[in-house]
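Asker: Everything below, folded, please.
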Amino acid sequence: MILSKKIILLAGPTASGKSKLAIQLAIKINGEIINADSMQVYKEFKILSSRPSNSDIKKIRHHMYGFLSAKNYFSVGDWLMLVKEKIKTCHKNHKIPIIVGGTGLYFKAITKGISKIPDIDNKTRNKVRLLFKKLGKEKFYNKLLKIDPKIKSKIFKSDTQRLQRAYEVKLKTKKSLFDWNTNTKSEFVDYELRKIFINTPRNKLLKNIKTRINLMFEDDCVLEVKKFNKCNIKKTLSANKLIGVSEINLFLKGQISLNDCKELINIKTRQYAKRQNTWARGHMKNWIKLYSNDLPILLKKTLKVVS
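Answerer: Numbering: from 1, shown residues only. Presented below is the predicted three-dimensional model:
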């Protein structure tokens, strides 16, 4: 193992303080930060996706934030291809890459590899999206279960994106998504991976989420959604699923009050954080779980793991 080829993986639920920790860590270890959040890639969403602020970006170099138009389809494979290049560049420049985010599938692509599923054409993809819209989550899940029983207890009903992905793969290739996944292996076996999950207590996390949502509205996330609406982006694309978009649109249409809008976003964000923690329990069992309410103490704990 070549010790100079070190990669820090820093995961955790939304509002757990990953970004602040990553900046302090990068300063200490001569690192650079690479995004592993599927919504922070989009140019159109800085506030709702909680992208790092301009002052944060000035402190340390950040990669793969706000670089992609929401009009583009962006897969885990696309992310992995870009992140490999960023990791190489970091090491070439004698920097330690710190991959930070809350998208479990991105981290899985690093640690477990990604299946070589053939490209799914737009016709098949749109067909599946329309079927999902027509049937709804429950009926779609049951229909998928009939054609691909292997998804049972492997994909949550709430994970609509993966359900649709599993359906389109089965439709196009006649094989289960999980058959394609059996022979995958990590492309980073020769690297030194340091895997850390920020295990924020539930009460603290809920408080952080509420504070963050209030700040989003102070920063005018409503205007951000208004601008996004003018882009006329296809409803099937992932950016539409960002928490806050549909809720703010309900407010803009006069269907709910501002307080109800905030509360809906709060509830959905809490549910998302719960799903992220559930993912971690299932897929990040060998990760180091760390937490402290005091950032300097948390940084010290993290430095011990990565040194």
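Asker: what's near enough to touch the closest residue to Glu192 other than its chain neighbours?
Answerer: Nearest non-adjacent residue to Glu192, counting by CB to CB, 6 or more residues apart in numbering: Lys6, 4.5 Å away. No exception for glycine: its C-beta is placed from N, CA and C like everyone else's. By CB atoms under 8 Å, 6 or more residues apart in numbering, the contact list for Lys6 reads 96, 191-192, 194, 306.
Asker: if you set the cut-off to 7 Å instead, what comes out?
Answerer: 96, 192, 194 (CB atoms under 7 Å, 6 or more residues apart in numbering).
Asker: And the pLDDT at the nearest residue to Leu135 once chain neighbours are set aside?
Answerer: Sequence neighbours aside, Lys143 is the residue nearest to Leu135 in space, at 6.5 Å (criterion: CB to CB, 6+ apart). You'll see Lys143 listed with a pLDDT of 95.
Asker: For Lys143, grab the count of nearby residues.
Answerer: 15 (other CB atoms under 10 Å).
Asker: same thing with His283?
Answerer: Counted with other CB under 10 Å, His283 comes out at 16.
Asker: In this structure it contacts Thr103, no?
Answerer: No: contact between His283 and Thr103 fails when scored by CB atoms under 7 Å: they sit 11.8 Å apart.
Asker: hang on, Ile147 packs against Lys170?
Answerer: Yes: counting by CB under 7 Å, Ile147 touches Lys170, with 5.6 Å between them.
Asker: what about the two, which has more around it?
Answerer: Lys170 (19 against 13).
Asker: Who are the packing partners of the lowest-mean-pLDDT helix or strand in the chain?
Answerer: Within the chain, confidence by mean pLDDT, DSSP states H and E is lowest for helix 177-181 among all helices and strands, at a mean of 84. On a contact count with 3 or more CB pairs under 7 Å, 6 or more residues apart in numbering; DSSP states H and E, helix 177-181 meets helix 160-173.
Asker: what pLDDT, on average, does the helix it packs on get?
Answerer: pLDDT averaged over helix 160-173 gives 91.
Asker: in that helix, what counts as buried?
Answerer: Of all the residues in helix 160-173, those buried under the rule 16 or more other CB atoms under 10 Å are 163-172.
Asker: burial count for Lys304?
Answerer: 10.
Asker: Leu25 versus that one, what's the distance?
Answerer: In this view, Lys304 and Leu25 are 12 Å apart by CB to CB, to the nearest Å.
Asker: Could you do Arg125 as well?
Answerer: 38 Å.
Asker: More neighbours: which of the two?
Answerer: Just comparing Arg125 and Leu25: by other CB under 10 Å the higher neighbour count belongs to Leu25, 23 against 19.
Asker: do you know how far that one is from Arg194?
Answerer: In terms of CB to CB, Leu25 sits 10 Å off from Arg194.
Asker: for Phe140, same thing?
Answerer: For Phe140, the distance to Arg194 - CB to CB - is 39 Å.
Asker: And Asn122, by the same measure?
Answerer: 39 Å.
Asker: C-alpha coordinates for whichever strand or helix holds Lys58, PDB please?
Answerer: Using DSSP states H and E, Lys58 sits in helix 54-59. What follows is helix 54-59, C-alpha atoms only, in PDB (Å, rounded to 0.1, in the frame of the first residue of the first chain):
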ATOM      1  CA  ASN A  54     -17.800  31.800  -0.700                       C
ATOM      2  CA  SER A  55     -15.900  32.400   2.500                       C
ATOM      3  CA  ASP A  56     -15.500  28.700   3.000                       C
ATOM      4  CA  ILE A  57     -14.200  28.200  -0.600                       C
ATOM      5  CA  LYS A  58     -11.600  31.000   0.000                       C
ATOM      6  CA  LYS A  59     -10.300  29.100   3.000                       C
END
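Asker: quick one, helices of the stretch 101-250 of the chain?
Answerer: 104-111, 122-135, 137-147, 160-173, 177-181, 202-218, 221-229, 245-252 (DSSP state H, counting those that start in this stretch).
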